[in-house]
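> quick one, structure for this:
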Amino acid sequence: MVAKTFGGAVHGVDARTIMVEVSVDQGLRFFMSGLPDNAVKESQHRVESALRGAGFFFPRQKVVVNLAPADIRKEGSAYDLSIAVCLLSASGQLVTNMLEQYVVMGERTLEGTLRPIRGVLPIAIQAQREGFKGFLLPADNAKEAAIVEGLDVFPITSLQEAVDFLGQKKIIEPVKVDAKEVFANRVNHYDIDFKDVQGQENIKRALEIAAAGGHNVIMIGPPGAGKTILAKRLPSILPPLTLTEALETTKIHSVAGRLGRDATLMTTRPFRSPHHTISDVALVGGGGNPQPGEISLSNNGVLFLDELPEFKRTVLEVMRQPMEERRVTISRAKTSIDYPANFMLVASMNPCPCGYFNHPEKECVCGPGIVQRYLSKISGPLLDRIDLHVEVVPVSFDEMTANRKTETSDIIRDRVVQARAIQSARFKDLDAIHCNAMMPSNMVKEICDIGETGKSLLKTAMERLGLSARAYDRILKVSRTVADLSGSDEIKVEHLAEAIQYRSLDREGWAG
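Numbers count the residues shown, from 1 in each chain. A predicted model of the protein is given here:
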């Protein structure tokens, strides 16, 4: 007898439906086909133990499990529940006509209980598209899948509960989650705020410009100057996530298994801060079983690289193409996977190995050439892709102890949102461009007209600082953002001058 149900396989941030077929016939041994990996093959032992624990028997006949389509590699332990219920149906221990109407997935323990699985959200979205009646899955994943409208999600805690439901011996109420309500109640809820930071008004201004235009930024300053504490607060002034962005971000974290139990929808922009010992594969994604890396996990949010020169050069160089294209392609012999990588890069670094070069009070002890050698760990092409270079100086005691009120993140975010609204109107006819930082070079001259006076100023700045052609474009984009923040239709000289000062830390023009 043959029984079948359905599961899902994640490919990138999307899913494909997998048919799980089980045949029980005369003969001996257990066979599995359909390109299963070791984790899938080992399901035989988990299923056998769970069946016995639930009072069922494992057929001592020829059992063939097929996972179709057979040319797609199946990975992980999420097919345990699918195989178990099909095996019970094929062996006559479960009488039901409901199996083919549902997507059934879950990792099983030896006791028969279910553990959460990865990639539930894209699988649920695909199940809804293909018109399945419902989705049976571990209870810990139920809220995540339930944000998909038009699909009944049934939380299952054990094999016995799944059998009782499919055999119509038990009624399980589907989990209901109003995605729009969850999104509205929790969007932009951050525990940290810019009002907690005393002083550093010039750095706050630079981060406001970065947030308004989607620009990358690097902060250079001595230890304890406040680089990290400022970077961590950047998401709190970014525009709130849209529902579409929230779903896209949640899918990526679901595929990576980073959502946690009982998670629903991500409503705040991600902030990822990998350690400087990270590998290039962990940063951009990949591996034998390709997974999204940190640049994809920070999609629609912020990627913070603290102590930038301490990262391996190869790790930093692999970011160059994703920063330009805002996606990363993982290529293998038989497949190619695209992961989104639309992130803001925020980097910080000390000005030299001892950390006190250009410090107003402490003396640098680094020898001749050490500072330049330290800065040269960051390649020119990578530095050119960072729009704003900001020098951070320590906050004085008087500033730290002052009772002066500082702006909250909400106030700063209001200005950022207004500037983004201007940019949205500017790029309303372009699907792939949403902010100034995304402008291609062919649009910069048209949108960022600076006039003859501005051209003269920019020419002098480029000659003195030794800036590249890419830096020229970056300055124009930043000046356009500064103008947007001030509500100006045209880029004035003062807007351009402010943008130029944020390139003053280029390698040729800084540290001699």
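> what residues of stretch 402-410 count as buried?
Neighbour-count burial for stretch 402-410, with 16 or more other CB atoms under 10 Å as criterion, is recorded at 406-407, 409. Where C-beta positions appear, they are placed from N, C-alpha and C, glycine not excepted.
> err, stretch 331-344, not the other one
By neighbour count, and taking 16+ other CB under 10 Å as the criterion, the buried residues in stretch 331-344 are 337, 339-344.
> kindly report the same for stretch 94-103.
If you call a residue buried by 16+ other CB under 10 Å, then stretch 94-103 has these buried ones: 94, 96, 98-99, 102-103.
> next: stretch 298-317.
Neighbour-count burial for stretch 298-317, counted by 16+ other CB under 10 Å, picks out 298-306, 308-309, 311, 315-316.
> of the residues you listed, closest to N216?
For N216, the nearest member of the buried residues of stretch 298-317 is L303. The distance, counting by CB to CB, is 9.3 Å.
> show me what that closest one is bridged to.
The partner list for L303 in beta bridges (DSSP bridges) reads R272, L345.
> hmm, it is touching S296, no?
No. Taking CB atoms under 8 Å as the contact criterion, L303 and S296 are not neighbours in contact, 9.7 Å apart.
> what ranges do the strands span in the stretch 51-200 of the chain?
Along the stretch 51-200 of the chain, counting by DSSP state E, counting those that start in this stretch, strands occupy 62-68, 102-104, 107-108, 114-115, 134-138, 152-156.
> so which of those strands is nearest I171?
Among the strands of the stretch 51-200 of the chain, the nearest to I171 by CB to CB is strand 152-156 (10.0 Å).
> ok now that closest one, how far from the chain's centre?
Strand 152-156 has its C-alpha centroid displaced from the chain centroid by 27 Å (CA atoms, centre = their mean, to the nearest Å).
> now do L505, the pLDDT please.
Turning to L505, the model gives it a pLDDT of 59.
> low-confidence stretches in this protein?
Segments of the chain classed as low confidence (criterion: pLDDT under 70) are 397, 400-401, 504-512.
> quick revisit: so which two of the buried residues of stretch 298-317 are the farthest from each other?
For the buried residues of stretch 298-317, the farthest-apart pair by CB to CB is N300 and P309; their separation is 27.4 Å.
> can I get the buried residues of stretch 331-344 in a markdown table with secondary structure and distance to I171?
Below are the buried residues of stretch 331-344 laid out as a markdown table (DSSP: H, G, I helix; E, B strand; the rest coil; distance: CB to CB, whole Å):
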| residue | secondary structure | distance to I171 |
| --- | --- | --- |
| I337 | strand | 40 |
| Y339 | strand | 40 |
| P340 | strand | 40 |
| A341 | coil | 44 |
| N342 | coil | 44 |
| F343 | coil | 45 |
| M344 | strand | 48 |
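> ok, so of those, who is nearest M219?
Among the buried residues of stretch 331-344, M344 lies closest to M219 (CB to CB), at 13.2 Å.
> who's in contact with that closest one?
Contacts were defined as CB atoms under 8 Å, 6 or more residues apart in numbering; by that measure M344 touches 210-211, 214-217, 234, 238, 301-303.
> show me how this structure divides into domains.
Residue ranges for the domains of the chain, per automatic domain parsing: 2-177, 187-432.
> so for G466, which of those sits nearest?
Each of those was checked against G466 via CB to CB, and the shortest separation belongs to domain 187-432, namely 9.9 Å.
> please report phi then psi for the residue lying closest to P440 once chain neighbours are set aside.
Spatial nearest neighbour of P440, excluding adjacent residues (CB to CB, 6 or more residues apart in numbering): I433 at 7.8 Å. The phi/psi pair for I433 (degrees, to the nearest 10) reads phi -120, psi 130.
> what sits against I433?
Counted by CB under 8 Å, 6+ apart, I433 has contacts 427, 439-440, 443.
> now do 10 Å
Under the criterion of CB atoms under 10 Å, 6 or more residues apart in numbering, the neighbours of I433 are 423-424, 426-427, 439-440, 443.
> show me which of these is closest to L121.
Taking CB to CB as the measure, L121 sits nearest to S424 out of those, at 26.7 Å.
> who touches that closest one in this structure?
Contacts were defined as CB under 10 Å, 6+ apart; by that measure S424 touches 239, 417, 433-435.
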